[in-house]
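**Student:** The sequence isn't on hand, but the structure is:
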């Protein structure tokens, strides 16, 4: 349980194609790709800020 097999993925893809139509899928994929890139960029920015804050606190302790 919890594992998605090939038949389930095919069924999900067919439902998506029926709901959105084949012409909209490239637009949806592009928007999803942009959203993922923005999320990763924001994550890296936050991670960098946390690291720099940690470095600053280490410098103050010394």
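**Tutor:** Looks like it came in fine. Worth saying up front: this structure is predicted, and the values here are computed from it rather than measured. Residues are numbered from 1 along each chain as shown.

**Student:** where do the helices sit along this structure?
**Tutor:** Secondary structure of the chain (DSSP state H): helices at 6-20, 25-61.

**Student:** Mean neighbour count added to those, as JSON lines?
**Tutor:** All C-beta atoms are positioned from the backbone trio N, CA, C, and that covers glycine. JSON lines is the format used below for the helices of the chain (neighbours: other CB atoms under 10 Å):
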{"stretch": "helix 6-20", "mean neighbour count": "10"}
{"stretch": "helix 25-61", "mean neighbour count": "10"}
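
**Student:** Pop out the phi and psi values for residue 3.
**Tutor:** phi -90, psi 140 (degrees, to the nearest 10).

**Student:** just residue 22 next, same as before
**Tutor:** Per degrees, to the nearest 10, the backbone of residue 22 is at phi -70, psi -30.

**Student:** ok, back up a step: and the helices of the chain as CSV, adding mean pLDDT?
**Tutor:** Formatted as CSV, the helices of the chain follow (pLDDT from 0 to 100):
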stretch, mean pLDDT
helix 6-20, 89
helix 25-61, 89
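
**Student:** Could you pull up the residues touching the residue positioned nearest the centre of the chain?
**Tutor:** Residue closest to the mean C-alpha point of the chain, counted by CA atoms, centre = their mean, is residue 36 at 3.6 Å. Going by CB atoms under 8 Å, 6 or more residues apart in numbering, residue 36 touches no other residue.

**Student:** can you offset everything so residue one is 47?
**Tutor:** Done: numbering now begins at 47, and the last item shifts to residue 82.

**Student:** how far away is it from residue 58?
**Tutor:** Distance, residue 82 to residue 58, by CB to CB, to the nearest Å: 18 Å.

**Student:** cool, and residue 89?
**Tutor:** For residue 89, the distance to residue 58 - CB to CB - is 26 Å.
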